[in-house]
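Student: 3D model of this:
(2 chains)
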Amino acid sequence: MAKNSARDIEVTAFATHHVITQPNPLRKVLRRVEGKDLDDPVGRAEQALAGLSGEFKDWMVTEVNRLSAAYVAIRNDGFAKDRRDELFRAAHDIKGDAATFGYPAAAGIAESLCRVIEHAPDLEKVPAELFTHHINAILAIVHENTKLDSISVSAELSRRLRKVADDYLAHVNRDRPEHLEVILAPGIVPVE
Amino acid sequence: MFRIDFNKLRFLVCDDNPHMRRILRTLLHSFGAREVYEAEDGATALEMYSHYVPDIVITDWAMPIFDGLELAQMIRQPESKGNPYAPIIMLTGHSEKRRVTVARDAGVTEFLAKPISAKGLYQRILNVVASPRPFIKTKTYFGPDRRRNTSSAYMGPERRVGEKHEVLQQPSLLDKARSSI
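Tutor: You can find the predicted model right below:
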C-alpha cells in the first residue's frame, strides 16, 4: 500500500538539487483518537518483551559462545578478514543485545572490544591478553550475573577494561589523528 | 492524538541475529502488525523488498556480505523499478556520531541505537508514518531531506542554492538517537 503513482509525485527543480514531494503514502494507517484512549501499544509490547525474558540467559550464552568460537578460530588461524569480521560481528551483537538481555556491563565490555578491533592499526600486534580479558570478562558476567553482589563488580570490570583498551588505542594511534579523533569522541550511548 | 493501524502496515525486518529478529517480531506483533517479513542478510532483504513491497524497512547495520548500509543505498535508487521512497529505520549497535552521519547520507530515514526499547521503536515508526520528509535528489544524494535544523549562518559548500524548502523544524537524527536512550 505504500507506493504513490508517478503522477502523485511532484518534483521541483532548483539550481543544485530537486525536491520531491508526494502525498503521504502511509496516511491511511493514521487514526485520530478522540478523548481517552485506553489502547497502549508500547505497554503491550513491553509486556510481550518481558514474556521473552525467560529465554534471555540462553540467548546470551549462545552469543558469548559465538564470540569465544570466533576468537578461537583467530588464535588457531590468524586474523584473516572473514575471521576478523566474524569476531567483530559477534562482539557487536553483544554490544547491541546484552543490555536488552539484562547484561549491561557485558554490553560495555563488548563495545570496548569492538573499538579495539576497529581501531587497532595491526590486529596481529594487539596483545592477546587484551582480547582474552575482554572475552573472559563477558563470559564471567553471563555466568555470574544472577549473583547480586557481582553487578557492581561487573560494572567496575567494564570500566577498567575500557580504560585499558582506550589507553592502548590512544598509544597505537598517536600518529593517526583521524583515528584518535574517533576514539576520543563520545558515543551517543553512555558507557556502562 | 494519533494512533497507527499497524495491521495495515507491512514490515521488512533485516538482521543477521535471530534473537534480535525475534525481539523485533515480538514488538511489531504486539503493536498490532500482522505482516512482518524477515531477512537475515542484505541480499535476501533486497529480494524480499522487491517481492513484498513493504511499507517500512527496519534493518541492522553490521551483517555479513551485504550490510544494512548497502541495503539502504540499493533501495534509494531513484531510477529503480521498485519503491525508492520507503522509510528505512536503521537499528544498530553502532553508536558513534560519525556512524549516524554515514547512515543519514545513505538515505536512512530514522536511526535507533541499540539497546532496543518498545518506546524507541514505536516513536520511530510514528515519525516515519506521521511526518514523512520530502526527498532530495542531488548529484551525490537521493533520500529524505537530511536537514532538520535551521542554520542561517551556514555558508559551507554543502549549502543548497536558491530554494524555499530550507526550514524543516524537526529534531536532528543524532538528537533523536540520543533521546531514545
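Student: For residue A:121, see how far away residue A:175 is.
Tutor: Distance of residue A:175 to residue A:121, computed by Cβ to Cβ, to the nearest Å: 9 Å. All C-beta spots, glycine's among them, are computed from the backbone N, C-alpha and C.
Student: More neighbours: which of these two?
Tutor: When residue A:175 and residue A:121 are compared for neighbours, residue A:121 comes out ahead with 12 against 8, by other Cβ atoms under 10 Å in any protein chain shown.
Student: That one against residue A:173, yeah?
Tutor: Yes - the criterion here is Cβ atoms under 8 Å, and residue A:121 meets it with residue A:173 at 6.8 Å.
Student: Mutual contacts of the two, please.
Tutor: Common neighbours of residue A:121 and residue A:173, counting by Cβ atoms under 8 Å, 6 or more residues apart in numbering or on different chains, are residue A:179.
Student: Which part of chain B gets nearest to chain A, residue-wise?
Tutor: residue B:93 (2.9 Å; Cβ to the nearest Cβ).
Student: Who is residue B:11 paired with across the strands?
Tutor: residue B:36, residue B:56 (DSSP bridges).
Student: err, residue B:112, not the other one
Tutor: Beta-bridge partners recorded for residue B:112 (DSSP bridges): residue B:91.
Student: Can you check the pLDDT for residue 169?
Tutor: By default, I'm working from chain A. Predicted confidence (pLDDT) for residue A:169: 95.
Student: my bad, the chain I had in mind was chain B
Tutor: 43.
Student: Let me know the pLDDT of residue A:185.
Tutor: Residue A:185 carries a pLDDT score of 80 in this model.
Student: Now it: phi and psi?
Tutor: In terms of degrees, to the nearest 10, the main-chain angles of residue A:185 are phi -70, psi 140.
Student: who touches it in this structure?
Tutor: Contacts for residue A:185 (Cβ under 8 Å, 6+ apart) come out as B:96, B:97, B:98.
Student: Chain neighbours aside, what residue packs nearest to the last one?
Tutor: Right, residue B:98. Distance criterion Cβ to Cβ, 6 or more residues apart in numbering or on different chains; nearest residue to residue B:98, sequence neighbours excluded, is residue A:182 at 6.4 Å.
Student: Isn't that neighbour up against residue B:101?
Tutor: No - using Cβ under 8 Å, residue A:182 makes no contact with residue B:101, being 11.8 Å away.
Student: what's the closest non-adjacent residue to residue 116?
Tutor: This is for chain A. Going by Cβ to Cβ, 6+ apart, residue A:116 has residue A:165 as its nearest residue, at 5.2 Å.
Student: meant chain B, my bad for not saying
Tutor: Take residue B:116 and drop its neighbours on the chain: the residue closest to it by Cβ to Cβ, 6+ apart is residue A:100, 5.9 Å away.
Student: Tell me how far the one you found lies from residue B:61.
Tutor: Residue A:100 is 16 Å from residue B:61, where distance means Cβ to Cβ.
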